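**Q** quick one, structure for this:
(chains A, B, C and D)
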Amino acid sequence: MRMPRGTWRQVATLVGLSLLVSILSGCAISGAYAPMSSVAPASDHAREINTLYRLVFYLAVIVFIGTMIASLWFTLGFRDNGRRQARQFHGNARLEVLWTIIPVVIVIVMAVPTFDRIFAIAEPPPSDAIKIEVIGHQFWFEFRYPDLGITTANEVHVPAGRAASFTLRSDDVIHSFWVPQLFGKVDLVPGHENHVWFTPDAAREEAYLGQCYELCGLSHANMRFRMFVDDTAKFDAWAKNEAAPRSPSAVAAGEAVFLRQACIGCHTVQGTTAAGKVGPNLTHFGARTTMGAGIMPPTADNLAKWIRNSADFKPGSLMPAQATATLNDQDLQALVAYLQSLK
Amino acid sequence: MATTAGTLPQYATNTGLWSWITTVDHKRIGTLYLFTGFIWLLVGGLEAILVRTQLAVPNSTVIDADLYNQLFTMHALTMIFLAIMPMTAAFSNWLIPLMIGARDVAFPRMNALSYWLYFFGGIFLSSGFLFGEAASSGWFAYAPLTTNQYAPGRGMDFYTLGLLILGVSSMVAALNFAVTIINMRAPGMTMMRLPVFIWMTLVISFLLFLALPPLTVALIQLMFDRHFTTHFFIVDGGGDPIMWQHLFWVFGHPEVYILILPAMGIISEVLPTFSRKPLFGYAAMVFAAVAIAFLSWAVWSHHMFTTGLAPVPRAIFSANTMLIGVPTGVKIFNWLGTLYGGSIRFTTAMLFAVSFIPLFTIGGISGVMHSSPPIDSQHQDTYMVVAHIHYVLVTGALIGVFSGLFYWFPKMFGRMLDEGLGKWQFWLFFIGVNLAFFPMHFLGLAGMPRRIYTYDAGLGWDFWNMVSTIGAYVIGVSVLVFIWNFFKTMSKPMDQPNNPWGAPTLEWATSSPPPEHDFDVVPVVRARDPLWYDRDHGLEQPQPTGHEHIHIPPPSYYPIVMSFGVLLMAVGVTTSLAVTALGIPIVIYSVWGWALEPTS
Amino acid sequence: MAHAQAAAGHGAPVHATSTGTDNRKLLMWLFLGSECLFFASLIASHLVYRSRQLVPPFPFESEIPIDVYNGLSETVKHMCEDLGNGFADCHGILDIPVTSTSTFVLLFSSLAMVLAVYGAQNGRPMMMKGWLLATIIAGVVFLGFQVYEFRLFAMEGLGLSTNQFGASFFVLTGFHGTHVGVGVLYLMSMLAASFRRNGLGPETGFHIEIAGLYWHFVDIVWIIIFTVVYLIPV
Amino acid sequence: MAHGHSGEAHGLNPRQYVIVFVVLTVVTIIELAISYTGLGKVGLMVALFPLSALKFGIVVALFMHLRFDSPFFTKMFVGPLVLASLVLLALIGLGGYDAARSLLASS
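**A** Okay, here's the model as predicted:
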């Protein structure tokens, strides 16, 4: 076929340019720059998903580049130059059959490993897996270790190299549970029970970040959590501490305020009479690295403001505001100190 | 063939508000759809700009969480139900009779009814903003977030009732279109000679009137949960939120094709005209659309891969979804085949149509990626999916609409849109959409969730969000250029000939704009591209012979009265049942009057 | 063309259509196709939900644990009796003989309707009017049965919020009843219009036939509902 | 010619309609009788679905004149009917599966 000289160069330049931009920008999503990247797997299941993703991604790139070259070539190459007559034809049966078969082949190449993975993911976890229950609330995650007697919130620890099996439920609306680097997301659906399990690769000091991925109301954006992959010793120490009642060295004056106030209606602190079930369990609140479902560090200042009016940080928060009339500044300071001492 | 001067001058002289309110002329109703849809496109665009402004930088406080949730919910509802569907319906209204050689649609008053229901339904759906409580639970409205307990305001009532009204409007339009296309074709216009755009309209008409009932049932059940104490989606009473998702997506997935197929039809008209050669593989094009429509019924649960669906249905829905890639691929290849060997004129309409191919391919490919459940579990509810739907609906459906606007504007208004401004608009739009939506792929892979009003710095999301916001503004500017172009063009005199582009289809056989009765003589169709066939074989369309009586349906005010009655019934549910009681007799009165009104 | 224009004094003008079928009849058939999806969704919801009963009234006889029985309200309790073995036996609330009667009434209305169509198409206005009236009466009697059934269920303690059977049953049969009600109004308008000086005009047979399509469709929906809701236990 | 519908007597005659009605009645009585036999759920489904499908078919074909009318109408109605049946089955399968699963989970 004939086309004006230079068309090829134009096509190649445009395709090359857009590829370059894509590759450069693709670097920006590696785990180093994006801690919630889904293409930087750190567990067996995440890696298997990622392998499948890469296969499909390369197929997609090939199809896209092919389409792009063809559309640029045909549009630039068949410009009306005042000389060419359009060739009148209605189709080409052989070509049409061919390009029906091509996508069918691509689909089959995709479908086989996909089906394999679908059924692999549905396999039950190994029997030695650590069992963790996840319960979604507006707008925080509750984590329970039924075998270890632990109830905690928004920060979950799993031992490295051992399967972690999560049972997912919701207390109110639909949420979704996902740590992009560790497993494929699964929804927390009220009235249903879902499951997900994986084996994390290696212990890491830094937490893996997770978040709610299904619109769950006003503070959907503020429903975050952290997953720590610890080595066995560290995990055991953490679990032992979490399973125990609140630290005996907790600030006594603050505890008096805590037990006097409305706090106990919603929060539990084991070892005291506070046994509320609505809000997060605070028994070892001081040991957590974040507060408000992973949205900020638990500094004294943040805590004080949070108790005064949590909705300032988290619209739609169910925790009622505390005016100075019901909680004076002095008591507030004591309360904050108490919470921080709950190691 | 030129219009005989003086034949039925009703279209030109019959002006004024009343004539527009009572019109049953498909062209006027099409114009009404077009303008109303465009206004809603601006509203939806403004909502998107606000959303993007909030997301430009991390921890931004331009908009609070409540307003943000309302904005993204209403952005989706506005764009889907009030902008894109009506604007494609505008083309269907305008073009079905003209392209198949009919004088009007089968049921002109039903056509008016569908417009007025849409008019009032759109106002009702969006009126929540007036009370500061528009729907805010996403356009998919997943229960139980939408039940009284978690959405106590009236927002969800505007949603359920608004969508019910709009659903009736779409039903009426779809049934009307289907009957018109099946039954009102000019002599010689066999099904396999129908323009592809008409085929697409026929396919989406069937999709619409078959897919809307499950949505209607879901909306009714949700309304009963909210107002009449049932527990369809409330777990404590034995309900199941997953049932909402099933019923919603039984409708929701065909809806995606309802949005995109007309655009595919439009570019299938534009590409041949400006390549000066027939569409490549017409039959394959038609069968591909029918296959897509058929498959679209068997893929709905791919929206629910992360809900805990069992492995076997997961595999089945995954396979069906991947299969949709085959007919879609065939369409893309056939468009490329249409370009091949042509003599291409780069008008603005053609630029939009050509850019559709690679850009829609991006959206199509990412769709095929999501069809694999394990991969979907990494992409679902992240910006990856946002990128996907915007590449399908903006660089697919909306680009098709713009292409169609530039292409058929001379036919509709007798004036040619300014090509210089058009090219400015195209390039701004092209750059804008890619700036706005391509980075969303990176955001999605970097784990950014959808529908969040705020995010922290340091997650690798900052830069691309800023780029995306800039892109949104560029799109905004390109739309402003179009508005400027419109007003500039409308101030010029009507000067367009019957067939300014040298196009092959029947609508170009009559004057621009066409007379109220469309064709002086019902055209004769001898081939798939009738005007080119006539041109190449030296044939003429039949000319008027003497004084033929042409039946024009008289105007009617019953459609708007009935729609108003329906609006009152809906308003009553959110305010006082007395208003509903007022609406019912109005509806009954207009049905009765409608039935007895003489139509000739 | 001219002939069609002149004859079409009432209703839309009749064209020679592409498929040779009448536009309005095609419209009605397409609409009925759409209604199939509507009722399929409602029936599916009903079938999914009615198997999730935790508290009576149940549609069919079933046994419940005694502690559930002890927790029941008095309105519902009389439907169940303590079996003494840790379980209580609850009557089914569906009254098959009564509903069978109303099913026959609706079936009869279909016969009446088809005879009215026959009368209308064969130029026998009295036959048409008589059978139209019979159809309307049968429709109203069917609605009466439904009101009776709903009232009975309400008295026995089954409401929209009692359990999922109640909710999905009332919504499904309620929407069917609404369709019957609309049909009754439709036929009444036809009957009333047929008493005007020109009756229903030259297309009488056609108009009644279209009304008949709608009416028969409502009947066949009931045929399905009667089988899956009333005759096949949970 | 334009009024083929109004003048032309297509379909059965009144006597035949009455016979059809009697057949429908008898089938309904058989259905009722079967429902009292105490067959299990599956047995009833196997016995009753064909019978109600038969009734459905008789009404559609004879009372609604589909048998005598343009075959085009049959296509336009049976297509959606089949689609509706498939959607019905799929919804029952998917919803019912979830129902069974959540009941198991709660016990």
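**Q** restricting to C-alpha, output the helix or strand hosting C:I220 in CSV.
**A** Element membership for C:I220, per DSSP states H and E: helix C:204-225. The C-alpha coordinates for helix C:204-225 follow below in CSV (Å, rounded to 0.1, in the frame of the first residue of the first chain):
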residue,chain,number,x,y,z
THR,C,204,-63.7,-1.5,17.6
GLY,C,205,-62.5,-5.0,17.2
PHE,C,206,-58.9,-3.9,17.2
HIS,C,207,-59.2,-1.8,20.3
ILE,C,208,-60.9,-4.6,22.2
GLU,C,209,-58.3,-7.0,21.0
ILE,C,210,-55.5,-4.9,22.4
ALA,C,211,-57.3,-4.5,25.7
GLY,C,212,-57.7,-8.3,25.6
LEU,C,213,-54.0,-8.8,25.2
TYR,C,214,-53.3,-6.9,28.3
TRP,C,215,-56.0,-8.7,30.2
HIS,C,216,-54.9,-12.2,29.2
PHE,C,217,-51.3,-11.3,30.1
VAL,C,218,-52.4,-10.5,33.6
ASP,C,219,-54.2,-13.8,33.7
ILE,C,220,-51.1,-15.8,32.6
VAL,C,221,-49.0,-14.0,35.2
TRP,C,222,-51.5,-15.3,37.8
ILE,C,223,-51.2,-18.8,36.4
ILE,C,224,-47.5,-18.7,37.2
ILE,C,225,-48.0,-17.0,40.6
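**Q** and that helix, is it in reach of chain D?
**A** Yes: Helix C:204-225 comes into contact with chain D (CB under 8 Å from any CB of the partner chain), by way of C:204-206, C:209, C:212-213, C:216-217, C:219-220, C:223-224. Any C-beta I mention is one placed from the backbone N, CA and C, and that applies to glycine too.
**Q** tell me which two in the residues you listed are the farthest apart.
**A** Pairwise distances across these (CB to CB) peak at 31.2 Å, for the pair C:T204 and C:I224.
**Q** out of the residues of helix C:204-225 next to chain D, the closest to A:A256 would be?
**A** Among the residues of helix C:204-225 next to chain D, and counting by CB to CB, the member closest to A:A256 is C:I224, at 67.9 Å.
**Q** and the helices in the stretch 151-300 of chain A?
**A** A:232-243, A:252-260, A:300-308 (DSSP state H, counting those that start in this stretch).
**Q** closest one to chain D among these?
**A** Closest approach to chain D among these is made by helix A:232-243 (26.2 Å; CB to the nearest CB).
**Q** elements contacting the closest one?
**A** When contacts are defined as 3 or more CB pairs under 8 Å, 6 or more residues apart in numbering or on different chains; DSSP states H and E, helix A:232-243 packs onto strand A:150-153, strand A:155-159.
**Q** show me what the last one packs onto, helices and strands only.
**A** In terms of contacts (3+ CB pairs under 8 Å, 6+ apart), strand A:155-159 is packed against strand A:130-137, strand A:140-145, strand A:224-230, helix A:232-243.
**Q** and if you look at the shortest one?
**A** Judged by 3+ CB pairs under 8 Å, 6+ apart, the packing partners of strand A:150-153 are strand A:140-145, helix A:232-243.
**Q** how far off centre is the helix or strand hosting B:E255?
**A** Per DSSP H and E: B:E255 is located in helix B:241-275. Distance of helix B:241-275 from its chain centroid, counting by CA atoms, centre = their mean, to the nearest Å, is 8 Å.
**Q** do it and chain D meet?
**A** Yes: counting by CB under 8 Å from any CB, chain D is contacted by helix B:241-275 at B:242-243, B:246-247, B:250.
**Q** ok, which of those residues also contact chain C?
**A** Restricting these to those near chain C - CB under 8 Å from any CB - leaves B:243, B:247, B:250.
**Q** what's the closest of those residues to chain A?
**A** B:M243 (10.4 Å).
**Q** surely the closest one and D:G96 touch.
**A** No: the pair B:M243 / D:G96 is not scored as a contact, 10.4 Å apart, by CB atoms under 8 Å.
**Q** common neighbours of these two, please.
**A** Shared contacts of B:M243 and D:G96 (CB atoms under 8 Å, 6 or more residues apart in numbering or on different chains): C:V48.
**Q** the two - which one has more neighbours?
**A** Higher neighbour count among B:M243 and D:G96: B:M243, with 23 against 16, using other CB atoms under 10 Å in any protein chain shown.
**Q** which non-adjacent residue is nearest the more buried one?
**A** Residue nearest to B:M243 in three dimensions, not counting chain neighbours: D:G95, with 5.4 Å by CB to CB, 6 or more residues apart in numbering or on different chains.
**Q** pretty sure the one you found is touching B:G239, no?
**A** No: D:G95 is beyond contact range of B:G239, at 11.3 Å (criterion: CB under 8 Å).
**Q** can stretch B:251-271 be found next to chain C?
**A** No: with CB under 8 Å from any CB as the criterion, chain C is not reached by stretch B:251-271; the gap is at least 9.3 Å.
**Q** how about that stretch: buried residues?
**A** The neighbour-count criterion (16 or more other CB atoms under 10 Å in any protein chain shown) identifies B:251-271 as the buried residues of stretch B:251-271.
**Q** equivalent analysis for stretch A:99-117, please.
**A** Within stretch A:99-117, the residues scored as buried using 16+ other CB under 10 Å are A:99-100, A:102-103, A:106-107, A:110-111, A:113-115, A:117.
**Q** mind listing the strands for chain A?
**A** If DSSP state E is used as the criterion, the strands of chain A fall at A:130-137, A:140-145, A:150-153, A:155-159, A:164-170, A:175-178, A:186-188, A:194-198, A:208-212, A:224-230.
**Q** and C:G139, how far from C:L106?
**A** 8 Å (CB to CB, to the nearest Å).
**Q** oh sorry, the question was meant for B:F248
**A** Distance from B:F248 to C:L106, by CB to CB: 32 Å.
**Q** follow-up on the earlier one: closest to C:P65 out of the helices and strands packed on strand A:155-159?
**A** strand A:130-137 (26.8 Å).
**Q** in terms of secondary structure, what does the closest one contact?
**A** strand A:140-145, strand A:155-159, strand A:164-170, strand A:175-178, strand A:186-188.
**Q** averaged pLDDT, the second one. What do you get?
**A** When pLDDT is averaged along strand A:155-159, the result is 96.
**Q** how about the longest one?
**A** Taken as a whole, strand A:164-170 has an average pLDDT of 96.
**Q** same question for the last one.
**A** The average pLDDT for strand A:186-188 rounds to 96.
**Q** partner strands of it, with direction?
**A** strand A:175-178 (antiparallel) (DSSP bridges).
**Q** hmm, back to that, including mean pLDDT, could the helices of the stretch 151-300 of chain A go into CSV?
**A** Listed next are those as CSV, based on pLDDT from 0 to 100:
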stretch, mean pLDDT
helix A:232-243, 96
helix A:252-260, 92
helix A:300-308, 95
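**Q** would you mind giving those as JSON lines with mean neighbour count and distance to B:G16 added?
**A** As requested, those are exported to JSON lines (neighbours: other CB atoms under 10 Å in any protein chain shown; distance: least, CB to CB, whole Å):
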{"stretch": "helix A:232-243", "mean neighbour count": "15", "distance to B:G16": "77"}
{"stretch": "helix A:252-260", "mean neighbour count": "17", "distance to B:G16": "74"}
{"stretch": "helix A:300-308", "mean neighbour count": "17", "distance to B:G16": "62"}
